[in-house]
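Visitor: mind folding the following:
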Amino acid sequence: CSWGKSNLATGWILQKGEQAWPKIGPPRDHTRNTAAGHYITPAHELSDDQRAEIISSTLLPSSDCTVRFYHYCQGNSTLARLNVILRTLRNGDEDIILWENAVTQSFRWHRVEVTFSSRVKSKMVFLYMGNGEAHTTLTAVDDISLSMSCAHDPANSELPETPEPTTTPTTATTSLTTSAPSVSPTVNPCKEKEFHCWRSDGVKCIAAAAQCNYVLDCPLGEDEETCGPCNFENGLCQWSDASVGPYTWNRVKATNTTDPPNDHTTGTGHYIQTYFLEQSKNEAVFQSPSLPISSAYCQLLFHFYIGGEHSGNLSVILWNEEDDGKLLWSRSSSSSTQWVTELLPLGKHDRPYRIIFSSQTLFRHDEFLTNIQTIALDDISFHNCEKDYQAPDISLATCSFEKDLCGWIQGAAEDLDWQRWSETTESKNTGPSGDHTSGNGYYLYITSSIHNRTGDTARLKSPLSPPSGPDGYCFSFWYHMFGANVGSLRMSIYDISSNHVTLMWLRRGSQGNEWRLAQSHVKLQEVHQLLIEASVGLSGHIAIDDLSVTKGACAPTEGLCDFEQGDCGWIQQTNDNLDWIRVSDQYQKSEFLKSRPGFDHTTNTATGYYFYMDATPAHVQGHKAIMTSQLNIDNAKCLQLWYYMEGRGTGTLNVYQQFSDKDRSLLVTQSGGQGGLWRFAQTPLTPSGSNSRIVVEGITGQSEEGIIALDDVQVTNYTCTPSGQCDFEANFCSWFNLFEDDADWLRVQAGTGEHTGPSVDHTSNSSTGYYLYMDSSVGHWGDAAMILSEIFTPDSRGNCFTFWYHQYGNSVGTLNLYINNRTIHNSGNKFGQRVWTESGNQGDVWWRGNAYVKRKEPFWFIFEFLKGAGPKGSVAIDDIHITPGYCDSDPTPAPPHRNDTVGIGVGVAVTLLVIFIVGAALMLKKIKGANRECILEDDVLDRNYRLDNHMGSNGLHVITLSTDGNDASSI
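Guide: Numbering: from 1, shown residues only. This is a model prediction of the structure:
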């Protein structure tokens with residue numbers, strides 16, 4: 001068949017299946033699939049260099065020649081390989097590997113198709129390289145064919161000993177489609193070290209070095225057509241299938257019967273495709289030709305399609321001589337019916353490299369495929385890759401989204417896209433009422449809906465940014481996160497050279513129905529990219545607007561020190577034993593993180609900074625670390641701060657307002673572990689002129705395992721909310737949502753939004769007031785929403801905790817109140833002891849609830865709402881107070897709205913019903929207990945009750961109170 005023995009190695013031998021099996025070749029050929037069929041194998045006795053070659057007849061220059069063949073491999077050798085080579089010189093000095101494959105176990109024939117271009121005469125070579133051991137591998141080749149577009153040399157002339165002048169490619173006219181005029185082979189008219197633009201009119205010569213430099217120097221792009229870019233209209237552009245297994249990449253013309261039915265280029269053109277019929281561990285691999293060196297801003301642009309319900313995985317891998325392969329990108333979810341665009345940074349490369357597209361099935365063995373699963377690629381190109389590319393301006397990342405995305409792009413590896421929107425979002429009471437810029441402009445948002453799965457993400461990627469310089473730059477944006485289960489929002493930096501993503505800022509859960517500012521000081525001396533990523537929850541919206549980049553550090557907020565840019569002028573005292581240390585947990589070893597929070601409060605990430613009290617190897621109880629603030633508190637009225645105290649034997653944190661060397665007042669004091677989370681504290685300041693300072697004192701406890709940390713210290717000119725009091729008119733006061741639950745409490749205005757909460761608040765009895773609210777229509781039966789209080793100092797008379805609640809709707813759920821302290825929490829009980837509960841519909845009326853507690857150590861409260869089975873309804877809380885002494889014993893409904901005559905009747909009826917219930921409860925000797933009045937003291941509670949809190953088999957929180965006589969404080 002015009003193939004013959006090479007003069008450079010041992011040849012191949014024609015074999016018959018029934019004679020060659022099992023020592024030399026497979027039992028059947030591929031052509032007839034019979035034992036009587038023939039195929040070729042490497043010669044049994046190889047030369048000293050363990051090579052065997054079979055070589056084709058001579059081929060003329062061609063831009064689209066395809067060789068197809070089937071190969072069989074059996075063995076497990078990392079040394080034995082089968083290669084397909086393009087040979088242009090008789091001695092093989094400039095051989096080009098078009099395809100290569102290791103000999104592995106497969107026991108089946110595999111189809112391979114390789115398309116290539118050549119500007120000179122060439123021959124195809126099948127090269128087998130053995131491992132030096134006889135009979136350890138079986139390799140066979142059958143059914144070799146060349147496409148009609150391959151141009152054969154009728155004279156079958158010999159290849160030259162040295163390179164010849166380049167001639168223009170020749171192809172069969174039936175397969176080459178181009179707008180350029182057709183020409184016949186001619187001698188290269190250009191000078192030495194020049195490239196001939198052979199498709200262009202006239203004689204067009206460019207420098208040979210300009211070929212494959214990512215710049216189209218020829219008018220019709222001949223100099224770059226075999227260097228990576230490809231739309232597959234005229235062939236594979238030297239991209240090749242390198243698959244091992246039954247599934248391969250093939251060039252397909254779009255028709256009504258193909259999937260997808262349209263290509264990306266013209267709608268009726270060609271694309272590259274692979275498909276899966278069954279589950280397989282084998283990958284379909286599509287690799288680029290060797291790509292030239294590139295700039296640090298080089299990016300790969302491609303368009304992909306992933307079809308089918310049980311989709312496969314598409315990955316992009318960068319391979320070079322120094323690295324076996326670096327995963328750049330991967331997506332496994334379907335791309336629906338449309339082509340999706342992705343732009344990936346490739347970074348700087350000083351040596352040739354390759355891009356590999358890899359695809360593999362993802363469905364399980366027990367899944368049954370009803371349709372063919374298809375993955376397709378089209379229009380691959382490279383951008384900003386030329387060596388002398390000029391770095392972009394860093395301000396390109398600034399955007400208000402009024403016209404478009406300003407060069408920011410959607411990440412295509414994720415499940416969702418950011419939506420550009422104006423005015424109010426489609427779902428009420430979740431998204432912003434307008435953009436941040438003007439109130440009437442555009443912003444980006446994602447929404448939680450029945451069409452999205454919890455955890456689905458949307459990623460926004462900035463243009464590539466140059467090194468930030470020594471001073472860095474401030475990246476800021478405004479965000480809006482509101483909803484009962486809104487998901488998370490994060491900002492990260494992608495270092496292109498290291499392929500590493502660093503989380504810089506994070507928020508989870510509802511952040512209030514308002515626009516908030518986020519900012520991060522970026523100092524990275526490498527080309528990088530900013531990433532903003534949001535994940536959806538069950539309900540709510542996440543929106544962003546007004547992205548901005550300014551040179552230098554971020555402008556500080558007046559009166560606030562978050563320690564991100566430095567120590568804010570805090571001064572370490574010299575008359576103490578230890579120091580406060582400003583730290584970030586980003587590069588800390590795991591053994592150090594055991595005694596650290598692991599993240600700051602400002603950014604919620606390991607890259608953020610905070611102060612913590614240093615420890616010495618020789619721990620001494622009672623040692624102190626003292627530092628003094630330089631914050632201006634001349635006219636300040638309120639001090640707010642966040643602190644973290646955790647670990648066995650944690651000591652004491654004291655905060656003072658110091659007026660002179662001997663005169664100071666204690667503002668905040670806390671001792672022992674506080675639950676392993678950042679806690680909020682606020683306290684009023686005493687007007688003092690210009691001489692007072694804030695002093696922070698840490699005192700070591702019984703063990704070196706305890707940690708005390710401090711962050712986000714702020715002084716304001718607003719009056720502090722009194723401790724233990726909150727009407728929610730301005731904010732959450734010192735209450736905050738927990739992350740360990742299923743949903744968030746929302747602060748809402750009574751008369752706005754399409755929520756199911758009460759039409760008036762309790763504080764003002766009007767539609768303009770605010771309260772905390774949970775919608776029972778959101779989530780699943782048994783879902784929990786918890787909100788945590790500040791820590792309260794016990795009073796010798798005990799304390800009465802009073803609040804107003806509204807619980808309305810059939811099977812609305814249960815509202816619980818827990819009390820906790822350090823002793824109970826350290827015993828493993830995170831919730832604490834339940835001191836009050838109410839279940840079911842309580843009517844469209846506000847009720848007062850209270851609980852008397854008498855504690856011996858500081859304590860805190862947790863409100864928990866457990867969703868019921870009802871489809872509609874809500875629970876609301878308002879006007880929380882804690883006061884010394886006993887509580888009033890009578891539950892009290894709120895007065896009705898002055899215009900609500902129906903409410904008056906309902907209120908009277910409910911009141912009478914409650915009186916009857918209370919009387920019945922007393923007669924039953926408090927079998928159920930008073931839902932709206934609960935009097936508990938430490939001694940009685942600890943002696944009579946043990947609380948077990950766990951998850952039941954149905955997913956609900958199970959709370960058990962047992963009277964076993966055990967002391968809860970000793971658990």
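Visitor: tell me the mean pLDDT over stretch 809-826?
Guide: What stretch 809-826 shows for mean pLDDT is 91.
Visitor: what's the span of that stretch from first residue to last?
Guide: 37 Å (C-alpha to C-alpha, to the nearest Å).
Visitor: now it: how far from the chain's centre is it?
Guide: 33 Å (C-alpha atoms, centre = their mean, to the nearest Å).
Visitor: please apply the same query to stretch 651-662.
Guide: That offset, for stretch 651-662, works out to 43 Å (C-alpha atoms, centre = their mean).
Visitor: got the contact list for it?
Guide: By C-beta atoms under 8 Å, 6 or more residues apart in numbering, the surrounding residues in contact with stretch 651-662 are 613, 621, 628, 633, 639, 641, 643, 645, 664-671, 681, 683, 685-686, 688, 691-701, 706, 708, 710. For glycine as for every other residue, the C-beta is placed from the backbone atoms N, C-alpha and C.
Visitor: separation between residue 276 and residue 247?
Guide: 6 Å (C-beta to C-beta, to the nearest Å).
Visitor: which residues does residue 59 bridge with?
Guide: residue 122, residue 152 (DSSP bridges).
Visitor: my read is that residue 841 contacts residue 806, right?
Guide: No. Counting by C-beta atoms under 8 Å, residue 841 does not reach residue 806; the two are 11.0 Å apart.
Visitor: more neighbours, those two?
Guide: residue 806 (25 against 15; other C-beta atoms under 10 Å).
Visitor: number of nearby residues for the nearest residue to that one once chain neighbours are set aside?
Guide: Leaving aside its chain neighbours, residue 806 sits nearest to residue 876 (4.2 Å; criterion: C-beta to C-beta, 6 or more residues apart in numbering). Neighbourhood size, residue 876 [other C-beta under 10 Å]: 28.
Visitor: which residues does residue 876 contact?
Guide: Shown in contact with residue 876 (C-beta under 8 Å, 6+ apart): 757, 758, 771, 772, 773, 774, 805, 806, 807.
Visitor: and those residues, which is closest to residue 854?
Guide: residue 805 (22.8 Å; C-beta to C-beta).
Visitor: spell out the secondary structure type for the closest one.
Guide: strand (DSSP: H, G, I helix; E, B strand; the rest coil).
Visitor: tell me the contacts of it?
Guide: Per C-beta under 8 Å, 6+ apart, neighbours of residue 805: 815, 838, 842, 846, 847, 849, 875, 876, 877, 878.
Visitor: again, but for residue 699
Guide: 622, 623, 624, 651, 652, 653, 654 are the contacts of residue 699 under C-beta under 8 Å, 6+ apart.
Visitor: once you drop chain neighbours, what's closest to residue 736?
Guide: Residue 736 sits nearest to residue 788 (C-beta to C-beta, 6+ apart), 5.9 Å away.
Visitor: oops, could you answer that again for residue 523 instead?
Guide: Here the residue nearest residue 523, using C-beta to C-beta, 6+ apart, is residue 472, at 3.6 Å.
Visitor: how much space between that neighbour and residue 34?
Guide: Taken as C-beta to C-beta, the span from residue 472 to residue 34 is 72 Å.
Visitor: quick one, which of these two is more surrounded?
Guide: More crowded of residue 472 and residue 34, by other C-beta under 10 Å: residue 472, with 19 against 13.
Visitor: quick check, that one in contact with residue 525.
Guide: No. Residue 472 lies out of contact with residue 525 (C-beta under 8 Å); the separation is 9.5 Å.
Visitor: how far away is the residue nearest to residue 736 from residue 859?
Guide: Distance of residue 788 to residue 859, computed by C-beta to C-beta: 12 Å.
Visitor: quick one, which of the two is more surrounded?
Guide: Legend: neighbour count by other C-beta under 10 Å for residue 788 and residue 859, higher for residue 859 (24 against 20).
Visitor: the nearest residue to that one once chain neighbours are set aside: neighbouring residues, count only.
Guide: Spatial nearest neighbour of residue 859, chain neighbours left out: residue 821 (4.4 Å); criterion: C-beta to C-beta, 6+ apart. Residue 821 has 23 neighbouring residues, counting by other C-beta under 10 Å.
Visitor: could you do residue 499 as well?
Guide: For residue 499, the count of nearby residues is 14 (other C-beta under 10 Å).
Visitor: which residues touch it?
Guide: 326, 328, 347.
Visitor: roughly how far does the first one sit from residue 61?
Guide: Right, the one you point to is residue 326. The gap separating residue 326 from residue 61 is 35 Å, by C-beta to C-beta.
Visitor: which residues touch the residue nearest to residue 859?
Guide: Per C-beta under 8 Å, 6+ apart, neighbours of residue 821: 832, 855, 857, 858, 859, 860.
Visitor: how does it look with 10 Å?
Guide: Contact analysis of residue 821 by C-beta atoms under 10 Å, 6 or more residues apart in numbering lists 672, 674-675, 791-792, 794, 832-833, 855-860, 938, 969.
Visitor: nearest to residue 456, of the residues you listed?
Guide: When the contacts of residue 821 are compared for distance to residue 456 (C-beta to C-beta), residue 675 wins out at 31.5 Å.
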